[in-house]
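In: structural data only, the sequence is not supplied:
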């Protein structure tokens, strides 16, 4: 079942990327960000499921410390980038629906590349900081985590070092990479929904809302999960 899910996920994202690259009329800001999202979803899924599939197939549930930290590094980097990409997609829809006359001037290829580059670099830097702090920890107690991947909290619980600094830094980084993009996305969608409701025709409202309803659903599930898991940790992990 997990193999089928993984193959379908990979095939779907690769197909989206291929279509966006091949079709000239899809070379627009909206599909540029969608292509970025599909690309990172491909890597994001590949940091978790292949190792899980190998464990299910062989029965070997062990992973080296280096492999665990590497998995955690790429997982954190890709999650941070995806937060920004989702926020950029909502900004693109905001401009297209609320400011259509200014759209081409405020959202072009150069601006798209700059926004993507900033999200990649900032995510890379933040993930590297956490990776460095984690590499300074010592693990001398139990070596098992009750988790299917090397996530931050289960790994930190195994350390016999003082983890207060890395927990504080990670909390701050998580807050920066989840709350501002989420609040910006929320503000954009308040403006979008307000504009859509002011459209006189029913068909016009339906068409405008159909362009962003799926994205709004993904944003709600994605940011909601991140905030619950990483912004509201249980007291035992502090």
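Out: Nice, I can see it. These figures come from a predicted structure and were not determined experimentally.

In: next, give phi and psi for residue 149.
Out: The phi/psi pair for residue 149 (degrees, to the nearest 10) reads phi -150, psi 170.

In: distance of it relative to residue 44?
Out: 11 Å (C-beta to C-beta, to the nearest Å). All C-beta atoms are positioned from the backbone trio N, CA, C, and that covers glycine.

In: where does pLDDT dip in the chain?
Out: The chain contains residues with pLDDT under 70 at 141, 230-238.

In: now the helices: where do they sit in this structure?
Out: Using DSSP state H, the helices found in the chain span residues 2-22, 29-46, 49-58, 65-98, 103-106, 109-135, 152-156, 164-197, 202-210, 213-226.

In: need those helices in CSV (columns: mean neighbour count and distance to residue 142).
Out: Putting the helices of the chain into CSV (neighbours: other C-beta atoms under 10 Å; distance: least, C-beta to C-beta, whole Å) gives the following:
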stretch, mean neighbour count, distance to residue 142
helix 2-22, 13, 27
helix 29-46, 19, 29
helix 49-58, 14, 19
helix 65-98, 20, 14
helix 103-106, 12, 53
helix 109-135, 15, 17
helix 152-156, 19, 11
helix 164-197, 17, 19
helix 202-210, 12, 51
helix 213-226, 15, 27
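
In: for residue 62, grab phi and psi.
Out: phi -90, psi 150.

In: actually residue 99, not the one I wrote
Out: The phi/psi pair for residue 99 (degrees, to the nearest 10) reads phi -130, psi 60.

In: residues contacting it?
Out: Residue 99 makes contact with residue 106 under the criterion C-beta atoms under 8 Å, 6 or more residues apart in numbering.

In: how far away is it from residue 22?
Out: Residue 99 is 30 Å from residue 22, by C-beta to C-beta.

In: and what of residue 192?
Out: With C-beta to C-beta as the criterion, residue 192 and residue 22 are 30 Å apart.

In: name the residues contacting each of residue 149 and residue 44.
Out: residue 75.

In: and the residue lying closest to residue 48 once chain neighbours are set aside, how many neighbours does it have?
Out: Excluding the flanking residues, the one nearest residue 48 by C-beta to C-beta, 6 or more residues apart in numbering is residue 149, at 5.1 Å. By other C-beta atoms under 10 Å, 17 other residues sit near residue 149.

In: then residue 148?
Out: Residue 148 has 14 nearby residues by other C-beta under 10 Å.

In: contact partners for the most centrally placed residue in the chain?
Out: For the chain, residue 82 is the residue whose C-alpha lies nearest the centre (C-alpha atoms, centre = their mean; 2.7 Å). Neighbouring residues of residue 82 by C-beta under 8 Å, 6+ apart: 37, 40-41, 44, 222.
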